[in-house]
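1. here is the input, now give the coordinates:
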Amino acid sequence: MAVKKESLRQTTTGAWAASSTVTVLLDRIGLVTRYDVVNQITPSATLLGDNQPDALWRPFRSITFQAGGATYMTLPDEAGGHGGTLQHYLNKLDGFGAGYVHQLIVAPSQTLYVPRLTFHCGVRPWKRNGDPNPFDLTAFMPSGIESSPQLTWLTGATTLMDDAVTTTSGVLTITAHRVLGTTSDIMEEMAKQGVSQVLEMIRQGHQGILPDPNITGLVPAWMGQVESPTASVTNYGLEQDMQLGGFIKRVTYLAQDATGTRPVRADDEITQIKLSIPEKGVSIFQYDAELAGGRLPAGDFLVAADAVPLGLNPAPGGIYPLDLRPYGPTDVEQVLGLDTRGRQTGYAKLGRTLGTNVSGDDLLNLTERLVVYTGRLSNS
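-> Okay, here's the model as predicted:
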């Protein structure tokens with residue numbers, strides 16, 4: 001028999017409350033390859049052209065998916081709410097669309113907003129022919145196998161959207177894209193998708209990578225961090241140990257200025273980025289941050305400095321995605337990302353040069369990582 005694929009919105013939702021931790025139990029069904037999360041926001045008044053930048057994405061603040069005591073996907077948490085902003089722009093980069101139907105320079109005037117964030121577990125959200133691939137089994141969250149799958153939503157203050165227009169209410173709805181079937185059915189589907197070939201290369205230690213004969217799949221293990229430097233730094237001097245222990249698909253930074261009630265994205269903080277492997281004495285890349293930020297699609301609503309841009313929106317400032325897959329020396333790494341399994345802390349370092357930076361400014365970091373899964377693929 002073939003696997004069953006379904007995209008279903010679950011009945012359990014999360015109710016917004018200011019500056020709270022909201023927990024939503026997830027349906028314990030199948031291998032989930034993608035979650036879509038929609039925040040049905042009701043503001044106190046209509047949002048007009050003077051609303052703050054990123055107003056629709058800040059109320060997401062931070063979302064975390066967990067099951068069986070493990071964290072699968074998460075966002076960096078900071079009171080300004082830019083964890084949601086960061087994920088929104090990565091969604092646009094990955095081709096998931098605007099996330100909201102009215103992406104205009106001047107914000108729409110409705111009094112109900114339904115922005116969406118997509119959390120895709122694997123590395124192939126699109127098929128080779130360009131068709132959508134929501135059931136991508138390069139990685140999955142075993143929601144139907146592990147105990148107590150849940151989503152945790154860290155909310156912000158009522159003024160997170162805007163000073164004058166505050167959040168009155170919000171309802172978080174969750175749609176799961178999942179694959180169901182017997183173990184043999186799922187293994188057959190993995191073979192059809194070309195996933196089995198990648199897993200077999202890992203089992204055999206292809207091209208010298210660390211072998212893992214017990215692998216049955218891959219799961220996401222994202223990590224979010226917040227740094228608070230207090231001064232400018234030259235010559236890539238602000239170093240951060242990369243989060244290790246798996247295949248690193250992408251590392252993304254968001255820089256923000258501590259201005260007013262809420263921080264805004266800042267494109268004058270991180271000016272240069274470098275990734276080095278000290279034990280090998282090599283740098284994988286070393287370039288101006290503008291090269292990374294310029295890869296993002298056009299921004300929406302207002303720009304980082306609170307101003308309405310002339311003409312079309314430029315790429316959003318202050319966000320720097322670093323995809324590590326092109327730099328992988330092996331076939332597996334070119335699919336999954338830089339292999340850091342078995343490495344010790346300090347193996348890979350990210351260096352940043354900071355231009356304008358003062359106390360209160362923050363750097364948000366999201367590391368999208370895949371780790372080896374050795375558990376069951378099905379309960380039958």
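2. could I get the pLDDT score of the nearest residue to residue 233 once chain neighbours are set aside?
-> The shortest distance from residue 233 to any non-neighbouring residue, by C-beta to C-beta, 6 or more residues apart in numbering, is to residue 354 (4.3 Å). Any C-beta I mention is one placed from the backbone N, CA and C, and that applies to glycine too. Looking at residue 354, its pLDDT is 92.
3. partners of residue 354 in the sheet?
-> residue 233, residue 270 (DSSP bridges).
4. quick one: end-to-end length of stretch 155-170, please.
-> End-to-end distance for stretch 155-170: 10 Å, by C-alpha to C-alpha, to the nearest Å.
5. sorry, back to before: the residue nearest to residue 233 reaches residue 269, doesn't it?
-> Yes. With contact defined as C-beta atoms under 8 Å, residue 354 and residue 269 form a contacting pair (5.7 Å).
6. what are the boundaries of the strands in the stretch 201-350 of the chain?
-> 217-220, 223-227, 233-241, 247-257, 264-265, 270-277, 282-288, 319-323, 338-339, 349-354 (DSSP state E, counting those that start in this stretch).
7. who touches residue 351 in this structure?
-> 236-240, 273-276 (C-beta atoms under 8 Å, 6 or more residues apart in numbering).
8. what's the PyMOL line that selects buried ones from those residues?
-> To isolate the buried ones among these in PyMOL, judged by 16 or more other C-beta atoms under 10 Å, type:
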select buried, resi 236+238+240+273+274+275+276
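9. which pLDDT value belongs to the spatially most central residue of the chain?
-> Ranked by distance to the mean C-alpha position of the chain (C-alpha atoms, centre = their mean), the top residue is residue 87 at 4.8 Å. Residue 87 carries a pLDDT score of 97 in this model.
10. need the nearest residue in space to it, chain neighbours excluded.
-> Nearest one to residue 87, counting by C-beta to C-beta, 6+ apart, is residue 117 at 5.0 Å.
11. so that neighbour is in which element?
-> Element membership of residue 117, judged by DSSP states H and E, is strand 116-120.
12. give me the secondary structure label for residue 179.
-> With DSSP: H, G, I helix; E, B strand; the rest coil as the basis, residue 179 sits in strand.
13. gap between it and residue 140?
-> For residue 179, the distance to residue 140 equals 7 Å [C-beta to C-beta, to the nearest Å].
14. shared neighbours of these two, anything?
-> Common neighbours of residue 179 and residue 140 (C-beta under 8 Å, 6+ apart) are 31, 33.
15. and those two? Which one has more around it.
-> Comparing residue 179 with residue 140 by neighbour count (other C-beta atoms under 10 Å), the higher total belongs to residue 140, at 29 against 24.
16. phi first, then psi, for residue 137.
-> The phi and psi values for residue 137, taken as degrees, to the nearest 10, are phi -90, psi 20.
17. give me every residue that touches residue 372.
-> The contact partners of residue 372, by C-beta under 8 Å, 6+ apart, come to 202, 212, 214-215, 218, 246, 341.
18. look up how far residue 32 lies from it.
-> Residue 372 is 18 Å from residue 32, where distance means C-beta to C-beta.
19. by neighbours, which of the contacts of residue 372 wins?
-> residue 218 (25 neighbours).
20. starting at the chain centroid, how far to stretch 150-166?
-> With C-alpha atoms, centre = their mean, to the nearest Å as the basis, stretch 150-166 stands 19 Å off its chain's centre.
21. now do the buried residues in it.
-> Those would be 151-162, 165, for stretch 150-166 by 16+ other C-beta under 10 Å.
22. now do stretch 197-205
-> 198-199, 201-202.
23. is it possible to export those residues to a markdown table including pLDDT?
-> Shown next, in a markdown table, are the buried residues of stretch 197-205 (pLDDT from 0 to 100):
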| residue | pLDDT |
| --- | --- |
| 198 | 98 |
| 199 | 98 |
| 201 | 98 |
| 202 | 98 |
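24. before I go, just wanted to say thanks for your time.
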